[in-house]
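**Q** need a structure here:
(one chain, ligands or ions: 2)
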Amino acid sequence: MAETQRNIILTGDRPTGSLHIGHYVGSLKRRVALQDSGRFDEIYILIADAQALTDNADDPQKIRDNIIQVTLDYLSAGIDPEKTVICIQSQLPALYELTAYYMNLVTTARLERNPTVKAEIKMRGFNEGGVGLPVGFYTYPISQAADITAFKANCVPVGEDQMPMLEQCKEIVHKFNSTYGEVLVDPQILLNENSACRRLPGTDGKAKMSKSLGNCIYLNASREELHQKVMSMFTDPDHINISDPGKIEGNCVFTYLDAFATDEDFAEFCPDFRNLEEMKAQYMKGGLGDVKCKKLLERVLDKELEPIRKRRAKWEADIPAVYEILKKGTMKARETTERTLSEVKEAMKINYFADDALISEWEHR
Ligand code: ATP
Ligand code: MG
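**A** Residues are numbered from 1 along each chain as shown. Ligands and ions are numbered 1, 2, ... in the order given. Predicted coordinates:
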């Protein structure tokens with residue numbers, strides 16, 4: 001590689017709805033911590049509106065509305081626009097050129113094997129009841145590889161569902177570099193050490209909290225909404241009387257406590273137990289009701305969400321500033337992605353008008 005590798009982060013979200021606490025523990029909270037660690041040279045967050053359109057082609061208004069919504073979520077979660085570049089995918093044309101070239105390096109058989117895409121096709125009802133699968137959706141792992149490589153990111157902090165995307169991206173990087181020369185950077189996925197955070201389940205007990213499933217606690221949830229969501233949360237359906245032994249596995253309240261609660265939270269909100277292990281042991285034995293556990297969870301989540309709500313109120317009062325952040329970030333990202341595209345085209349020898357050798361090769365024939 002010509003230059004020494006800089007430490008660069010790229011992550012992103014689809015602007016299909018407000019961000020929820022699954023995004024927060026799976027990726028966003030980590031991004032804020034990494035941003036504040038000072039260990040990174042450049043940090044980019046991509047609002048993946050073009051990717052969102054691959055399964056929302058008929059609803060561009062939804063995507064448009066959520067551009068500002070998702071940016072507000074970032075800023076309220078603690079993303080600092082002085083340290084992190086926030087940019088909009090559809091305004092970065094280099095990403096689409098890269099996607100087109102990478103498409104030649106991937107087979108349809110390989111795309112068909114992607115387990116996340118398979119699960120999402122099922123979840124969205126494509127290929128069923130006459131609903132076709134859009135080509136753009138089917139190929140989005142390739143465009144995601146373009147996103148990651150365009151920024152030369154070496155670190156991608158995401159949730160577990162993104163692992164197959166990163167594998168696909170790495171394959172493209174290897175194939176490109178071995179075919180055309182070392183231009184692209186091999187990205188590493190950064191997963192949360194806490195397994196509950198890697199794929200937070202929905203409040204309905206489904207495997208993943210997802211904007212598209214409506215089983216979310218949103219980062220902008222008011223106290224009342226939070227209360228209502230926690231109290232109606234899926235627990236152990238066989239745990240009917242307080243004295244009954246309860247199950248922890250598949251019980252959302254405990255998974256959420258795993259993801260969020262600290263020993264200090266127990267001291268502050270639930271001093272009957274020193275930590276989550278003690279609470280779980282009592283629940284499994286019998287004699288601990290769901291309501292007590294839910295009340296603790298509500299307080300823990302409220303403590304996490306309160307500073308986010310406060311920052312949000314501040315930014316909501318200044319939407320023109322939010323818009324400026326997006327514009328400035330996108331301009332900066334445009335420079336970065338165009339630079340990578342130039343290197344890619346040079347390596348592929350399709351930079352004809354910056355390539356004097358093309359003329360001299362012909363002149364000396
Ligand atoms: P959509 O349903 O539109 O795909 P989504 O809720 O899956 O939306 P994405 O925008 O696809 O959200 O994902 C953004 C980031 O958040 C990714 O890094 C993803 O891994 C992470 N993420 C999403 N849902 C969860 C979850 N339930 N738990 C942990 N991380 C998550
Ligand atoms: Mg998703």
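**Q** Now do the nearest residue to Glu112 once chain neighbours are set aside, the pLDDT please.
**A** Nearest in space to Glu112, with sequence neighbours left out and distances taken as CB to CB, 6 or more residues apart in numbering, is Lys118 at 7.8 Å. In short, each C-beta sits where N, CA and C put it, glycine included. With respect to pLDDT, Lys118 scores 94.
**Q** Repeat that for Ala2.
**A** On pLDDT, Ala2 comes in at 47.
**Q** what's the longest helix in this structure?
**A** In the chain, taking DSSP state H as the definition, the longest helix is helix 319-347.
**Q** Who are the packing partners of that helix?
**A** Helix 319-347 is packed against strand 42-47, helix 60-77, strand 85-88, helix 94-103, helix 140-150, helix 163-180, with contacts defined by 3 or more CB pairs under 8 Å, 6 or more residues apart in numbering; DSSP states H and E.
**Q** Include mean neighbour count and distance to Lys229 when you put those into a markdown table, please.
**A** As requested, these are exported to a markdown table (neighbours: other CB atoms under 10 Å; distance: least, CB to CB, whole Å):
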| stretch | mean neighbour count | distance to Lys229 |
| --- | --- | --- |
| strand 42-47 | 24 | 25 |
| helix 60-77 | 19 | 17 |
| strand 85-88 | 22 | 28 |
| helix 94-103 | 19 | 36 |
| helix 140-150 | 25 | 30 |
| helix 163-180 | 18 | 28 |
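**Q** out of everything not next to it in sequence, what's closest to the residue in the stretch 1-150 of the chain positioned nearest to ligand 1?
**A** Per CB to the nearest ligand atom, Gly26 is where the stretch 1-150 of the chain lies closest to ligand 1, at 2.0 Å. Of all residues not flanking Gly26 in the chain, Gly159 sits nearest, at 3.3 Å (CB to CB, 6+ apart).
**Q** one step back: please identify the helix or strand for the residue nearest to Glu112.
**A** Secondary structure from DSSP states H and E places Lys118 in helix 115-123.
**Q** next one: Ala50
**A** Applying DSSP H and E as the criterion places Ala50 in helix 49-53.
**Q** Please work out the average pLDDT along the next helix or strand after the longest helix of the chain.
**A** Sequence order places helix 357-363 as the next helix or strand after helix 319-347, per DSSP H and E. Mean pLDDT, computed over helix 357-363, is 90.
**Q** got the contact list for helix 357-363?
**A** With contacts defined as CB atoms under 8 Å, 6 or more residues apart in numbering, helix 357-363 is touched by Tyr352.
**Q** and if we set it to 10 Å?
**A** Applying CB atoms under 10 Å, 6 or more residues apart in numbering, the set of residues contacting helix 357-363 from outside is Lys349, Asn351, Tyr352, Asp355.
**Q** Could you report the distance from Glu171 to Thr337?
**A** Per CB to CB, to the nearest Å, Glu171 is found 21 Å from Thr337.
**Q** Repeat that for Lys327.
**A** Distance of Lys327 to Thr337, given as CB to CB: 16 Å.
**Q** For those two, work out which one has more neighbours and name it.
**A** For Lys327 and Thr337, the more surrounded residue by other CB atoms under 10 Å is Thr337, and the numbers stand at 26 against 13.
**Q** and the angle from the longest helix of the chain to helix 140-150?
**A** 90 degrees (axes from the mean of the first three to the mean of the last three CA atoms, to 10 degrees).
**Q** which parts of whichever strand or helix holds Glu304 are buried?
**A** Following DSSP H and E, one finds Glu304 within helix 290-316. Neighbour counts over helix 290-316 (16 or more other CB atoms under 10 Å) mark 290, 292-305, 308, 312, 315 as buried.
**Q** Run through the residues that contact Ile63.
**A** Going by CB under 10 Å, 6+ apart, Ile63 touches 14-16, 47-53, 56-57, 70, 90.
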